[in-house]
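>>> quick one, fold the following:
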Amino acid sequence: MNDWAMEVRNLRKTYGGTAAVDDISFEVARGEIFGLLGPNGAGKTTTLESLEGIRKPDGGTLRILGVDPVAEPGRLRDLIGVQLQTSALPADMTPAEAMRFFCAYHRVPENRMLLDRLGLAEKRDSRYGALSVGQQRRLALALAVAHRPPVVILDEPTAGLDVGSRTELHALMHELRGDGTTILLATHDMAEAEKMAGRVAILLRGKVIATGTPRELTATGAGYTKISVRTEQDLLRDSPDLAALPAVVKQLVQAEDYTVFFSTDPGLTVPAILARIAGCNDKLIDLRVERPSLEERFLELTNTGGAR
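Numbers count the residues shown, from 1 in each chain. Reported below is the predicted structural model:
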């Protein structure tokens, strides 16, 4: 037995001669939260649907805990839990009825606590059609994990959720991972991916253009470190040749009286800034060093076609 919960090898899928997924490969480790990122039309949904057994690939191999989703759908049923980006239940069905049905389908005891955990306690007997979009999405998540599957596939799980519900969802994801559950998370929310995922793959036009931890991805490319400085007398701004400070590629002034530098090596730039402040007989009030965000790196990669 290997350590991969999911294996995607040379996956291909075309629609009318257009490649939605073009020879992509990645692996997801057991107990890992893996983020699948990409703009609309990148191939995320096709990849997820192929892993779920909904789409039959035109080429490549897929395995979930050693099971072929296309050839062995019966074995796949209890191995995965799926929250689709869009789904619906009968309008007259209640959350309590849906939970009983899903648990019976998977032959497990009814998991009533999940409805409470996801803020649906007061809605357990309400009609599905009367639930808000956010409540419907929380119900879909509860049903996806009710049978405690070893692998969970989430497609934009926090879309339409308020802050409190998002926080509760993230806590549940951490709890599932702590129990050894593998989670494949497709999301447009870069902050969510950076916070939750151990590794991510970025898709563009049906191809994987980058894979790694969020820290690994933000440490590569043109992602300069942002250094924001505020001093008591604001004399640094008038200091000559600021752009000539070591490793500085850009300098600007922004709101709240901060002078901002973009540096390729903050280890060189920060000491030089502090020396310049001392030379001006000024006093440092605040200094912030911020690495590039995953969103900034994502935009850089997708805007350049993954060339960097």
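
>>> which residues in the chain form strands?
In the chain, the segments counted as strands under DSSP state E are 4-15, 18-29, 33-37, 59-64, 80-83, 151-155, 182-186, 199-204, 207-212, 225-231, 248-254, 258-263, 284-290.

>>> centre-most residue in this structure?
Ala193 (2.5 Å; CA atoms, centre = their mean).

>>> around the nearest residue to that one once chain neighbours are set aside, how many other residues sit close by?
Leaving aside its sequence neighbours, Ala193 sits nearest to Gly35 (CB to CB, 6 or more residues apart in numbering; 4.0 Å). All C-beta spots, glycine's among them, are computed from the backbone N, C-alpha and C. Gly35 is flanked by 24 other residues according to other CB atoms under 10 Å.

>>> one more: the one 10 residues further on?
Counted by other CB under 10 Å, the residues lying close to Thr45 total 22.

>>> that one contacts His188, correct?
No. Checked against CB atoms under 8 Å, the pair Thr45 and His188 is beyond contact range at 11.8 Å.

>>> now that we have the strands of the chain, can you turn them into JSON lines and tack on mean pLDDT and distance to Gly129?
Below are the strands of the chain laid out as JSON lines (pLDDT from 0 to 100; distance: least, CB to CB, whole Å):
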{"stretch": "strand 4-15", "mean pLDDT": "95", "distance to Gly129": "32"}
{"stretch": "strand 18-29", "mean pLDDT": "94", "distance to Gly129": "32"}
{"stretch": "strand 33-37", "mean pLDDT": "95", "distance to Gly129": "31"}
{"stretch": "strand 59-64", "mean pLDDT": "96", "distance to Gly129": "33"}
{"stretch": "strand 80-83", "mean pLDDT": "92", "distance to Gly129": "19"}
{"stretch": "strand 151-155", "mean pLDDT": "94", "distance to Gly129": "22"}
{"stretch": "strand 182-186", "mean pLDDT": "95", "distance to Gly129": "27"}
{"stretch": "strand 199-204", "mean pLDDT": "93", "distance to Gly129": "34"}
{"stretch": "strand 207-212", "mean pLDDT": "91", "distance to Gly129": "39"}
{"stretch": "strand 225-231", "mean pLDDT": "88", "distance to Gly129": "48"}
{"stretch": "strand 248-254", "mean pLDDT": "71", "distance to Gly129": "48"}
{"stretch": "strand 258-263", "mean pLDDT": "84", "distance to Gly129": "51"}
{"stretch": "strand 284-290", "mean pLDDT": "91", "distance to Gly129": "45"}
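
>>> I'd like to know which of those strands lies nearest to Ala275.
strand 284-290 (11.4 Å; CB to CB).

>>> can you pull the contacts of Val270?
Residues in contact with Val270 (CB atoms under 8 Å, 6 or more residues apart in numbering) are 227, 287, 289.

>>> how much space between the last one and Val248?
Here the criterion is CB to CB, to the nearest Å. By it, Val289 lies 13 Å from Val248.

>>> who has more neighbours out of the two?
Val248 (20 against 15).

>>> quick one: that one and Leu242 touch, right?
Yes. Between Val248 and Leu242 there is a contact at 7.3 Å, judged by CB under 8 Å.

>>> now the strands of the chain as a markdown table including distance to Glu300?
Below are the strands of the chain laid out as a markdown table (distance: least, CB to CB, whole Å):
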| stretch | distance to Glu300 |
| --- | --- |
| strand 4-15 | 25 |
| strand 18-29 | 20 |
| strand 33-37 | 13 |
| strand 59-64 | 28 |
| strand 80-83 | 30 |
| strand 151-155 | 25 |
| strand 182-186 | 20 |
| strand 199-204 | 10 |
| strand 207-212 | 10 |
| strand 225-231 | 14 |
| strand 248-254 | 14 |
| strand 258-263 | 13 |
| strand 284-290 | 16 |
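
>>> and the helices in the protein?
44-51, 73-76, 95-105, 113-117, 133-145, 163-178, 190-196, 214-218, 266-279, 294-303 (DSSP state H).

>>> right, so of these, which gets closest to Arg124?
Across these, closest to Arg124 is helix 95-105 (CB to CB), at 4.3 Å.
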